[in-house]
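The sequence and its predicted three-dimensional model are supplied below.
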Amino acid sequence: MEDGNLISKKDLLQTYGISYGALYRWKRKGLIPEDWFIRKATPTGQETFFPAALITERVEAIMNGKNDFELDELAKKLRGEEDDAWVLTVSTAYGDRSFRLRDVRGVRLTKGSVTLDVTKHVTSAKKEEESWI
């Protein structure tokens with residue numbers, strides 16, 4: 001059952017063929033942020049939902065990386081902590097999302113039909129900070 005931008009835990013588990021235990025192990029290891037687990041009342045009781053775009057991308061990253069890395073190491077990589085790279089973190093109502101700055105291709109703010117490219121501001125702030133250290 002999908003509700004707008006949310007996907008139910010049941011649908012997530014079925015879609016990716018993962019177990020309930022694996023999902024909660026990933027949560028305990030820090031691979032999936034606690035605040036992505038959204039509990040909502042439904043006609044059949046209380047169910048858990050996730051922000052669909054965030055959780056599907058994260059589950060795919062976990063499944064693609066779990067054979068190459070230990071879960072703790074993979075959690076650090078997904079949080080952008082695997083090295084001393086600069087990390088851009090965007091905080092939303094659905095939780096934080098972090099990106100290694102070297103992987104960012106563009107940062108844009110959009111309102112209606114107006115788009116502002118603020119990539120240069122982010123990268124110049126990084127360069128200024130490096131000179132402070």
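Nice, thanks for sending it over. Numbers count the residues shown, from 1 in each chain.

Which residue ranges of this protein form strands?
In the chain, strands defined by DSSP state E lie at 2-3, 6-8, 38-42, 45-51, 87-92, 95-100, 108-111, 114-117, listed in chain order.

Looking at the ones you listed, spot the one closest to residue 78.
Nearest to residue 78, of all the strands of the chain, is strand 95-100, at 8.2 Å by CB to CB. Backbone N, C-alpha and C define where each C-beta goes, glycine included.

returning to that earlier point: mind telling me which of the strands of the chain the model trusts least?
The minimum mean pLDDT among these belongs to strand 2-3 (a mean of 48).

Give the residue spans of this protein that score low on pLDDT.
Within the chain, the segments meeting pLDDT under 70 span 1-4, 80-85, 125-133.

so of the strands of the chain, which one's packed in deepest?
Mean neighbour count (mean count of other CB atoms under 10 Å) peaks for strand 6-8 among these, with a mean of 19.

Name the strands paired with that one and say parallel or antiparallel.
strand 2-3 (antiparallel), strand 45-51 (antiparallel) (DSSP bridges).

what's the spacing between residue 56 and residue 114?
Applying CB to CB, to the nearest Å, the value for residue 56 to residue 114 is 29 Å.

And for the residue lying closest to residue 59 once chain neighbours are set aside, the neighbour number?
Once flanking residues are discounted, residue 59 sits nearest to residue 16: 5.3 Å by CB to CB, 6 or more residues apart in numbering. Look at residue 16: counted by other CB atoms under 10 Å, it has 15 neighbours.
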